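In: Provided below are the primary sequence and the corresponding predicted coordinates.
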2 protein chains.
Amino acid sequence: MPSDSGARAATLSDVAREAAVSIATASKAINGRGDVAPATRARVLAAADALSFTPNAMARGLLAGRTGTVGLLTSDLEGRFMIPILMGAEDAFGAGQVNVFLCDARGDAIREQYHLKALLSRRVDGIIVVGRQTDPRPSLGQDIPVPVVYAYAPSDDPRDLSLTPDNYSGGRLAIEHLLACGRTRIAHISGDPAYAAAQDRLAGARAALGAAGLDIVGEPMFSEWSEHWGRDAAAMVLERHPDVDAIFCGSDQIARGALDSARDLGRRVPDDLAIIGYDNWEILSTNSRPQLTSIDANLKQLGRQAAQRVFDAIDGIDIGDGNHHLPVRLVIRGSTISRR
Amino acid sequence: MPSDSGARAATLSDVAREAAVSIATASKAINGRGDVAPATRARVLAAADALSFTPNAMARGLLAGRTGTVGLLTSDLEGRFMIPILMGAEDAFGAGQVNVFLCDARGDAIREQYHLKALLSRRVDGIIVVGRQTDPRPSLGQDIPVPVVYAYAPSDDPRDLSLTPDNYSGGRLAIEHLLACGRTRIAHISGDPAYAAAQDRLAGARAALGAAGLDIVGEPMFSEWSEHWGRDAAAMVLERHPDVDAIFCGSDQIARGALDSARDLGRRVPDDLAIIGYDNWEILSTNSRPQLTSIDANLKQLGRQAAQRVFDAIDGIDIGDGNHHLPVRLVIRGSTISRR
DNA sequence: GAAATTCCCGAAATCCCTTTCGGGAAGCTA
DNA sequence: TAGCTTCCCGAAAGGGATTTCGGGAATTTC
């Protein structure tokens, strides 16, 4: 066990005493500011090193008026979409000398308020609010004294700046790819219809189909974002519409289930039936037989951008407002195109 | 966009001026300390509310000598084991008025040192180091001025306190369950043999088998922690040893692959063949057909315990040292016991 | 050798809050 | 009314680092 007894961290005055200079001189020597004789500077640096001095960021922040910290307020860490966003943000901040306070509200508005207050009392320079769905969420309000950026789940107040993945384009991309593969009889299996993500993807898909004079085969099927549902729904689709030659699935989990049912029913993927997923969750998409073509929402990128916006706002740059839809990308694998 | 221009956060002196009292009185009124006349207190609180005053945690920390912050130094956020640990820790700390600095070293020792320095300059009260494997990792050293607890990946220095899941017991639990189900011809498919986790689980399994006068059927099979490998390995096992009646898999991914192969080869699970996974990764274990029996390492609990240890150390309680193996638990599902 | 620069360094204010300690005003007793 | 207690409140120190500004010493110039 590391003992902290007595081993109080060294302060600037300790260093100054050790180097036999004033506190002011020590500060200037260490930060390379002001006029300090080279010999004096060397002496101070040596002393600082000997005492393994690290400046107290709090005292510094007190003076500077900014802390070099940012709050990351997530609504639910469990969510699979949080992590890449969080990574992207931590990544961007870490490179810029900024440290991140992580707060998990666990989907509870009370806890969120509590954490928000804590972050403000810590005088974070900015806040990123990460939600677990792309449905709008209540704004934190306009009277927050630091910039706020909403990631993944947009704020319901257009005066806030929100960054969300472009599900509409995602749906379009998926369908356009299937059309390019020569498929025309395309079914759609998705998750909970209450999710904006489900509706947006469907809308994009319909737009792409419409442009080709087509529509979804049968009714789009909604229920839950699970592998089980994917299996059941795919079985139903293939029974009711045996001539379907492609299924656009609302998530990779659903697609995995669909793949399973297709195999059970003797359809070869992708020859008889193309299947495309969504989210590009690699654990699922790269381990199936065949591997899943999917839509990737570039979440890490989204996290990085959110961080960049906060940076900009801190630097006084106007970051604008409204909900920005960030581009998604198609990742082609074996479930839509047979490798030769 | 929330504007922060000019809207500097209110300070205690602002409140004091507003309430026409001294700063000292305002402080006492707000913190409920000292003797303040009820009327005065009310006036101060009203002023604080009007200015939406939140005390500056930095100034507070400067005085108190502790910051109420803790560093969470992860080696790789991507890792699937990080998240539950992180959740558990954040959970425990959040309840105790402590905020968490999240740092992701992305598996890079240089970056880790960099983040460590940043955490120390922020004067965190303690640090939790979370690794992605259960193999020992280099210690941060003994000269850190705050308590350090290692979670999941233990420190290679026995003077440090480490908390890791008990893989040996996990292996034993898995086998004992299979034995209790009447299985005796048990094969083992695991991941990368260089992982301590793989070896420990196997050792536990062998101990349990040995106690029953049995051993693994064939050689334990090692390669990688993937579904693909699980499929291939299971196919080989079932061909070489057709009389195998159970497979203990080193991860749920491997188990999913094994399930797939079993189905392909016409073995009924669990009637002909029982399959047990490891990690209880619910996305995988509850979505398979049948659902996977698995070993759960109680990672959230581990995170909470790590946080508790840090709390204790901060309070001056000796938290001891060495590597502590935390209990795991068996989660029984359909892949080992047929539901009636 | 006296005056004018140049060059370094240090005293002190500042950031915001907490805490100690002392003193002023009121109320009470004799 | 004098003296004492009680009750509140305020002045000031302190915590660690930064920055401004002024002054002392060394150096240069005439």
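Out: Everything's here; your move. Numbering: from 1, shown residues only, chains lettered A, B, ... in the order given.

In: centroid residue for chain A?
Out: A:Ile85 (2.0 Å; CA atoms, centre = their mean).

In: helix, strand or coil: sort out A:Gln199 for me.
Out: helix (DSSP: H, G, I helix; E, B strand; the rest coil).

In: against A:Ala151, how distant is the residue nearest to the centre of chain A?
Out: A:Ile85 is 5 Å from A:Ala151, where distance means CB to CB, to the nearest Å. (Each C-beta comes from the backbone N, C-alpha and C, glycine too.)

In: residues contacting the residue nearest to the centre of chain A?
Out: If you count contacts by CB atoms under 8 Å, 6 or more residues apart in numbering or on different chains, A:Ile85 has them with A:130, A:151-152, A:299-300, A:302-303, A:306.

In: give me the common contacts of A:Ile85 and A:Ala151.
Out: A:130, A:302-303, A:306.

In: filter the contacts of A:Ile85 down to the buried ones.
Out: Buried residues within these, counting neighbours by 16 or more other CB atoms under 10 Å in any protein chain shown: A:130, A:151-152, A:299-300, A:302-303, A:306.

In: near DNA strand D, which of those show up?
Out: With CB under 7 Å from any atom of the strand as the criterion, no member of the buried ones among the contacts of A:Ile85 is in contact with DNA strand D.

In: which of the residues you listed fall in helices?
Out: A:299-300, A:302-303, A:306 (DSSP state H).

In: okay, those residues in a markdown table with pLDDT and distance to A:Ser190 next?
Out: Output for those, formatted as a markdown table (pLDDT from 0 to 100; distance: CB to CB, whole Å):
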| residue | pLDDT | distance to A:Ser190 |
| --- | --- | --- |
| A:Leu299 | 97 | 19 |
| A:Lys300 | 96 | 24 |
| A:Leu302 | 98 | 21 |
| A:Gly303 | 97 | 25 |
| A:Ala306 | 97 | 26 |
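
In: and those residues as CSV, adding distance to B:Ile314?
Out: Putting those into CSV (distance: CB to CB, whole Å) gives the following:
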residue, distance to B:Ile314
A:Leu299, 35
A:Lys300, 34
A:Leu302, 36
A:Gly303, 31
A:Ala306, 32
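
In: for A:Arg43, which non-adjacent residue is closest in space?
Out: Using CB to CB, 6 or more residues apart in numbering or on different chains and skipping the chain neighbours, the partner closest in space to A:Arg43 is A:Ala19 (4.8 Å).

In: hang on, that neighbour packs against A:Ile30?
Out: No. Counting by CB atoms under 8 Å, A:Ala19 stays clear of A:Ile30, with 10.2 Å between them.

In: between those two, which is the more surrounded one?
Out: Shown here are A:Ala19 and A:Ile30; by other CB atoms under 10 Å in any protein chain shown, A:Ala19 has more neighbours (22 against 18).

In: tell me the contacts of that one?
Out: A:26, A:29, A:40, A:43-44, A:46-48.

In: and it, what's its pLDDT?
Out: On pLDDT, A:Ala19 comes in at 92.

In: over to the one 3 residues further on?
Out: Model confidence at A:Ser22, expressed as pLDDT, equals 92.

In: so how far is chain B from the closest residue to it other than its chain neighbours?
Out: With CB to CB, 6+ apart as the criterion, A:Ser22 has its nearest non-adjacent residue at 6.0 Å, and that residue is A:Ala16. Distance from A:Ala16 to chain B, counting by CB to the nearest CB, to the nearest Å: 18 Å.

In: what about A:Ala16, neighbour count?
Out: When neighbours are defined as other CB under 10 Å, A:Ala16 has 20 of them.

In: that one belongs to a strand, doesn't it?
Out: No. The assignment for A:Ala16, made by three-state DSSP, is helix rather than a strand.

In: surely it touches A:Ala26?
Out: Yes. A:Ala16 is within contact range of A:Ala26, at 4.0 Å (criterion: CB under 8 Å).

In: now the stretch 201-340 of chain A against DNA strand C: closest residue?
Out: A:Ile314 (16.8 Å; CB to the nearest atom of the strand).

In: neighbours of that residue, how many?
Out: A:Ile314 has 19 nearby residues by other CB under 10 Å.

In: repeat that for A:His324.
Out: Neighbours around A:His324, by other CB under 10 Å: 17.

In: next, give phi and psi for it.
Out: When read as degrees, to the nearest 10, the backbone of A:His324 gives phi -100, psi 130.

In: distance check, it against A:Leu161.
Out: For A:His324, the distance to A:Leu161 - CB to CB - is 7 Å.

In: what do you get for A:Asp200?
Out: 19 Å.

In: could you pull out the helices for the stretch 201-340 of chain A?
Out: Secondary structure of the stretch 201-340 of chain A by DSSP state H, counting those that start in this stretch: the helices cover A:227-240, A:252-264, A:282-285, A:299-314.

In: deepest-packed of those, please.
Out: Neighbour counts (mean count of other CB atoms under 10 Å in any protein chain shown) averaged over each of the helices of the stretch 201-340 of chain A peak at helix A:252-264, with a mean of 25.

In: against which helices or strands is that helix packed?
Out: With contacts defined as 3 or more CB pairs under 8 Å, 6 or more residues apart in numbering or on different chains; DSSP states H and E, the packing partners of helix A:252-264 are helix A:227-240, strand A:246-249, strand A:274-276, helix A:282-285.

In: if we go to 10 Å?
Out: Where contact means 3 or more CB pairs under 10 Å, 6 or more residues apart in numbering or on different chains; DSSP states H and E, helix A:252-264 is packed against strand A:186-189, helix A:227-240, strand A:246-249, strand A:274-276, helix A:282-285, strand A:294-296, helix B:252-264.

In: need these in JSON lines (columns: distance to B:Trp229 and mean pLDDT).
Out: JSON lines is the format used below for the helices and strands packed on helix A:252-264 (distance: least, CB to CB, whole Å; pLDDT from 0 to 100):
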{"stretch": "strand A:186-189", "distance to B:Trp229": "29", "mean pLDDT": "98"}
{"stretch": "helix A:227-240", "distance to B:Trp229": "20", "mean pLDDT": "97"}
{"stretch": "strand A:246-249", "distance to B:Trp229": "25", "mean pLDDT": "98"}
{"stretch": "strand A:274-276", "distance to B:Trp229": "23", "mean pLDDT": "98"}
{"stretch": "helix A:282-285", "distance to B:Trp229": "14", "mean pLDDT": "95"}
{"stretch": "strand A:294-296", "distance to B:Trp229": "22", "mean pLDDT": "98"}
{"stretch": "helix B:252-264", "distance to B:Trp229": "6", "mean pLDDT": "97"}
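
In: kindly reformat those as CSV containing distance to B:Arg183.
Out: Output for the helices and strands packed on helix A:252-264, formatted as CSV (distance: least, CB to CB, whole Å):
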stretch, distance to B:Arg183
strand A:186-189, 37
helix A:227-240, 27
strand A:246-249, 36
strand A:274-276, 36
helix A:282-285, 28
strand A:294-296, 37
helix B:252-264, 14
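
In: perfect, I'm done here.
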